[in-house]
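Enquirer: prediction below, plus the sequence it came from.
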Amino acid sequence: MKTKFSGILTLLLAFVVQISFAQTTVSGTVSEEGGPLPGASVLIKGTQTGAQTDFDGNYTIDASPSDVLVFSYVGYSTQEVTVGNQTTINVTLAQDNQLDEVIVTAQGIKREKKALGYAVSEVSSEEIENRTEGDVGRILSGKASGVAITSQSGTSGSATNVVIRGYNSINGDNQALFIVDGVPFSSDTNADGNFVNGNNGSSRFLDLDPNNIESVNVLKGLAAATLYGTAGRNGVIVITTKSATSRGTGAKKTEITINQSYFANEIASLPDYQDKFGGGFDQSFGWFFSNWGPGFEADGVAGYLNDPAQLIAADGTVEHPYSSSAFLDGFLGGANILEDEFQDQRYEWRPYNNVDSFFRTGAVSNTSININGGSEDGKVSYNVNYGHLDDEGFLPGNTVRRNNLSIGGRAQLSNKFTVSGSLNYARTDFSTPPVAASLGNGTTGLSVFGNVFFTPRNVDLANLPFEIPETGGSIYYRNGNDINNPNWLVQNAKDSQLTNRVFGTTTLQYAINDNLNIQYRGGVDFFNQRNVSYINRGGVLGAGRDDIRGEYNTTDINTRIWDHYAAISGDYDLSDKIGLTFIAGATSRSRERERQSTFSTDQIVFGVQRHFNFRQVVATENLTFRNIVGVLGQADFDYDNFAFLTLSARNDWVSNLPTANNSQFYPSASVSFLPTAAFDGLKSDALNYLKIRAGVGTSAGFPGGFPSVQNVIQTLNVQQPGLVTNSVDNFRANPDLKPELITEFEVGFDARLWKNRVSLDVSYFDRSTEDLIVFQPLAPSTGFTQTQSNIGEVEGDGWEVDLGVDIFKSENNGFNWNSRINFTQSEQIVTEQADDIIVYAGFGNLGNAAILGEQLGVIVGDRILRDANGNFVVNGAGNYVSETNITLDDGRNIQPIIGNPQPDYVMNFINTLSYKNFNLGFQVNHTKGGDIYASTISVLLGRGLIVETEDRENTFILPGVNVDGAGNSTPNQTQINNSQYYFSNILFGPSELQVYDGSVVRLQEVSFGYSVPKKYLEKTPFGSFSITASGFNLWYDAYNTPDGANFDPNVAGVGVGNGRGFDFLNGPSSKRYGVSVKASF
Amino acid sequence: MKKIVKYIMAIAVASSAMFYSCETIELELVDNPNGLSEDQADPNLLLNSVQLGYLSNMSYFNGRASSLTRLNVFFNRDYFAGVTPVSVNAVWTRTYSTTGTRGMIPNTFAIEALNTAAGDGSLNYAEGVAKTLLAHNMMLLVDYIGDVPYAEVNNPDEFPAPNVDSGASVYAAALGLLDEAEALLNGIPSGDDLFDIGTGSGWLSVINTIRMKAALTTGDTATFTSLESGGNFVGGPTGIADFRYQYITNDVNPDGRHPDYINDYTPSGANIYQSNWLMNQMMTNNDPRIRYYFFRQTDCTPGASCNPAGDGQTLSCSLQAPPVHYVNAGFGDIACFLENGYWGRSHGNDEGTPPDNFFRTASGVYPGGGYVDGDNFRNGTIELNSDTGSFEFVLDALDDQVGLGVAGEGAGIEPFILGSFVDFMRAEVALSNGATATAADHIRNGLDKSISLVQSFQSLDSNFSPGTLLDGTVFNAATGEITTSEATGDLFPTSADNQTFIDGIVADFNAAAPGADQWNILAEQLWVTQYGAGAETYNFYRRTGFPTTLPPNLEPNPGPFVRSIPYPANEVIANPNISQKSNQSVQVFWDTNPPSAVSGGFPASN
């Protein structure tokens, strides 16, 4: 016995097992209307013994004459045949309703879709593979209702927000849980720094190879996710990799599939720059950020000869910026190479193609090789997948390289054990020039984008030398050389992340008898992520990052998740009509994250990025860990195949709270009822199928960190080298902190209409979070500024509708057109709150806030001052006056609300057309509403760069009033010019003026493919061969924003987290297009 | 039987996997490995946090006051929009809580608790110093904001939303802290602090000076006079000379340099605008501190007589007429530019910044530790031109610009209470009492102390070399020998020049009509003396209304003058017992002057 057992363990990935049985051998072919049916299941009724049909629909099974064989296949009606004395049994299965399909639900439990009392969205591998994006999060964009996906930017490898059914927690994580092959998968974004000083980080689902994904199920509601416990409270994305898919247990021949794609990657959001005016201010030339200078024409009111500064010569030249540079004038006493080279040179006063030429067209190559097969008897199957992604961003210096290797297999053993497992290795190497926020005046941290986008039209970015020959430092057109040359940054600064990740799972099942199973599953997810960021000395910013002296930071993040799960499951018929399945189990999830960083500054030898080459070295470390232990149970009752009841519950204990408060129990219940099955005669060609469902789900939320014990903060090198301070932590420990409880009620129906050509799936949910765990701001006069406590409540509700229509449907490869629409609308309102306002993301004075009675996450910031009658107040210079705080009628003092980032609705229109061997697909997305604070737009307007600012000869009078000392309002009559209007108001006026409506229509995906007919392949080694041309984000229109800005609102300007509705000039988007080929042997 | 064995084995495997990884099911892991626990705190390190909190807060009070009183540029056209509740968050938080490395009240009371627990007085020095600093900080907080919490602070269990106390009672509590501090510090021969005081008696002189400040502010002349006669105060016969923090030159890990130096001495030029009014005031008076306060990067500001055409690129207002109300107030000639290359801005100028970083006037050697202004734009060397065989004067372009790590490398000071400031306090009391002659003496002493301190900073700029040829200099082109020149040293005031200046001011003061004219002279000299500090100018301005000779805001309608700054946003939002003030005209308890108004209100200069 013991030896056998070790044998089993080594069989984790084994491909060969000797099994022999001595019974009658039955063989035959399973087919459907159109031909043989591979992968169909053949099961001896009442047992776990079965086989699967091979590629040609053939099967072989050992059975005794009394056995009944059950032939089944998803989407077909099941047939039963008694063996008797037959040795050959051929069956033809008829197509049945698709709703009998089996869905992988929580904890890997497979259920028929019709039995589910909650909404589940499925995305098939066809919708995921051969995509231009290597990031599975982005590929899922728009594929399922209720799922909101926001890219941090179009930079290859940048992070992605994945949020299901809205943001429900103020400070807690709102990101969806990723389950890969049954095991929690870290989808963290371990960015360097923050959005202000630089925020480059990939979301770790980038480590998944989309081409190795078999299926994705999205569990949106809590009733669906209860068994996943607290981690599943934000919805769950259940990913099954090809490696873990047994693809049934049938025999099949080894199949090798190769996908190869090539794509081009371009910037999609290039603004439409104007070419009439150049750099300066008030129509007067100067080497400014602003582009409010004179025209490129000599004559006319705005011509450069009318410039009061008189710096542009009649021949249309100005002094070369490196000749007039005050910086070069003084650098090395004025005796420097650039000063000598450019002294008294002239520079053409004309528009240059500067921004466009800065970007490149990146090349993306994606290779995936998949090998799968099984043993002759179909009891052992395996899958090997290798993927290689080489993704070059449109931003010079931005690349993602990824290698994935994964192997998996499954073996059904003679002794009623089934063992399966998968092991994946991913190595992801991401690097990019630094990206940080810009508010329109240089950049807040080190960033390549800010300085590129507001390049004045008369600066030839591509051809100006960017390096000071003597030092290697940055040089640019500004007189004081106070911004980094973007080309210099690309050469001298880099943020990179190299991740080595191993994740895998092992499952051991034992069938105690025909009704009872026990299962153990162990999973591990471990990765080391090495973040490296450096900048050579010679930069000029000096804020946030020390680019003047040079900086080199290395951070190692080791994250591991151990996940254990053991359960017993059963399946009984309580009576003829009542069936019961149940599962009871225990699970533990242990997560540890260790971060060790070394920060070095003050580079010694230019260009060498190793710690030994820096004068100052500081090391830091941080360790967090948390265990969650749970017990769980679920019971499913079904009555006569038309009524289903699911009851489930879980209790969790968490390690970072004191024993008194560390436990939370949460139950769920859902029902599903099929009128079309229950009532004879209801089912018709008009109404083929109807399911009504309802459910109540609950889940728990636990705090992170160590919130219950008070600390003293010790800091070294404060103000003086070696000086140490101790300070009572301004975070007040809260030993009474308890878990939060989230409750969701969900109802909905699924219907198939008109000969199954129309499908409609509607859900309504209502969710609330009690005892919400919040980082509560404390009045500093209490001695503390913050604590974590259970205050407040957020209530959300929303609708999700999925409609599918077969517009054309024909037999035999004729013309087919399937259209699907998914629609999502939801809102989350703060219904209880102890504080007037909690600003939880963004800047302190411009961010997302929780305010009682408002949508969670409204954008707050300063607004235009209003007089007593609500008129805008304008000052003596003719500009709007801003107001940073207002007091509401009920006495609450808040920052003014200047926008709501929550869209009114999101809709996707997905079409699949096919004719013969051709197929065409396109997906259009429409997001209606949702405000965004867009620095990109306000900068392009405020700096006079885009076509909207071409009208420079008229004056503006801002609508509003002047208020005199006595408080009397008189209409404003002060005229201001174009540059003052845009610069002092649109760009640098009250934040309210920088908020735009983020509605957007987008051609998300389009593809056109051709599969080579089988008859042409007969004499080739190929089993199948197809070629597809596809494009991603080829067109969009944010129709309520200025056209010239060509702004793409799909940007997460504050990074991955709970902040949204912000763009800080850090998120140009990408478009991709190219060709992929899929071949199998 | 076989089945049962298998069953048991399967259970065993499953549970042993759980068992082997028992750390994954451990609970009650509540301690944070990333910080110290409360009982590990070190009182002397807590004191560092208190002292650095005080330093940062003083830097805030100095800066906030200076921009309101024209010592520095106020970068906003509207008082309401320019002094926001959010901008008060940091100073408030460092007072009442901590910001991670700096904080006063919680750490002061943590020291007190540790000292009480120790029971042997071993932490008296630490507790005394902390309480002294806290007392001064609380008074200034009342001066700037008004009624603030004190009795209910630092006790969240009992008072989750502390109420404000009247300014007068907070003053009284602060005086109580000073009494406690005096008792704790009395007789301690030596101790460690960051302000180079080091003795109990030295701190007593600080305590007394803070008491004098309180007496002056609240009009308690008797207490002031009695402390004055005791002689143990900053700058007094038995007190320390100056109460200040000495910045250092270390620029990385940490950056310990003076904030003005950090801002102004960068590779891409200067970032602070100096106040046109102040520079003009000192230029007009031939003030012997001007070359130490300011460092000019050019000798010509666009629009001035050297370049009347102006420059639209670097100083766009040089092409425009000054605002009418500015001209009417008599400040039209300093609205935009000054003579001699002094290049700054006027009160309320909020325009974007042109590329003038290598032209505008930077902060000088005092107090930030930058350059001494030695007409560096004319620094040069006499070199032999090998082609012509004659000697030429070659300008040394490097020296006229700010840069990283040059001059004093930022080793300046943050003035808290300088000896000279106390002389001006004494002058104010004397003048209020009608003792004009005494007031004049104090002004003289104050200027004397100020000038000698300021000029002593010249030694920080060790690279300064006399290499300037002044107009009228003649040198022999054949030999390179200077035959007629004004030595560089002549640029700098001699002690005789200093004396002449002081005598002139005192003479003006004595000659002025009693009342407003005398007050204006005292106030203007106080202003100049307070450059680099400034905290008390805001109090003086609201207390006396002088000087009345300050320029208005560039915005004709900037709103009423800020009589107190708003409550911080972070407190108001989280504390239901504190509501934001309705406006900035709310007066603090000792400010019994007429209310602010847009025109004709108090103070007159607005």
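Expert: Looks like it arrived, so ask away.
Enquirer: what about the stretch 101-250 of chain A, any weak spots by pLDDT?
Expert: The model of the stretch 101-250 of chain A has pLDDT under 70 over residues A:244-250.
Enquirer: can you name the residues bridging to whichever residue of it sits closest to chain B?
Expert: Closest contact between the stretch 101-250 of chain A and chain B, by C-beta to the nearest C-beta, is at A:Pro184 (12.5 Å). The C-beta positions use only the backbone N, C-alpha and C, and glycine is treated the same way. Beta-bridge partners recorded for A:Pro184 (DSSP bridges): A:Ile179.
Enquirer: now it: how far from A:Ser668?
Expert: With distances taken as C-beta to C-beta, to the nearest Å, A:Pro184 is found 19 Å from A:Ser668.
Enquirer: would you agree B:Asp356 is in contact with B:Ser316?
Expert: No - B:Asp356 lies out of contact with B:Ser316 (C-beta atoms under 8 Å); the separation is 10.2 Å.
Enquirer: out of A:Pro184 and A:Ser668, which sits in the more crowded spot?
Expert: Using other C-beta atoms under 10 Å in any protein chain shown, the more surrounded residue of A:Pro184 and A:Ser668 is A:Ser668, with 27 against 22.
Enquirer: how about A:Phe983: what's its closest non-neighbour residue?
Expert: In space, and not counting its chain neighbours, A:Phe983 is closest to A:Gly942: 5.1 Å by C-beta to C-beta, 6 or more residues apart in numbering or on different chains.
Enquirer: point out the residues in the stretch 151-300 of chain B that sit beside chain A.
Expert: Residues of the stretch 151-300 of chain B lying near chain A by C-beta under 8 Å from any C-beta of the partner chain: B:152-156, B:159-162, B:194, B:248, B:250, B:252-254, B:256, B:266-269.
Enquirer: which parts of the helix or strand that B:Tyr292 is a member of are buried?
Expert: Element membership for B:Tyr292 (DSSP states H and E) is helix B:290-293. Of the residues in helix B:290-293, B:290-293 count as buried by neighbour count, 16 or more other C-beta atoms under 10 Å in any protein chain shown.
Enquirer: ok, now stretch B:543-560?
Expert: In stretch B:543-560, counting by 16+ other C-beta under 10 Å, buried: B:543-547, B:549-560.
Enquirer: restrict these to contacts with chain A.
Expert: Contacts with chain A are made by B:555-557, B:559-560 out of the buried residues of stretch B:543-560, judged by C-beta under 8 Å from any C-beta.
Enquirer: state the pair within those residues that is farthest apart.
Expert: Greatest spatial distance among those (C-beta to C-beta): B:Pro556 and B:Pro560, at 13.6 Å.
Enquirer: which of the helices and strands in chain A ranks last by mean pLDDT?
Expert: Lowest by mean pLDDT, DSSP states H and E among the helices and strands of chain A is helix A:2-10, with a mean of 39.
Enquirer: just the residues contacting the next helix-or-strand element following it, thanks.
Expert: Per DSSP H and E, the first helix or strand lying C-terminal to helix A:2-10 is strand A:24-32. Identification of contacts with strand A:24-32 by C-beta atoms under 8 Å, 6 or more residues apart in numbering or on different chains yields A:36-37, A:40, A:42, A:53, A:56-65, A:69, A:71, A:73, A:76, A:83, A:86-95.
Enquirer: which helix or strand contains residue 129?
Expert: Looking at chain A here, since you left the chain open. Taking DSSP H and E as the definition, A:Glu129 sits outside all helices and strands.
Enquirer: nope, chain B
Expert: helix B:124-145.
Enquirer: what's the residue in the stretch 551-700 of chain A positioned nearest to chain B in contact with, if anything?
Expert: Among residues of the stretch 551-700 of chain A, the one nearest chain B by C-beta to the nearest C-beta turns out to be A:Ser590. It sits 3.5 Å away. Contact analysis of A:Ser590 by C-beta under 8 Å, 6+ apart lists A:561-563, A:625-628, B:21, B:23-25.
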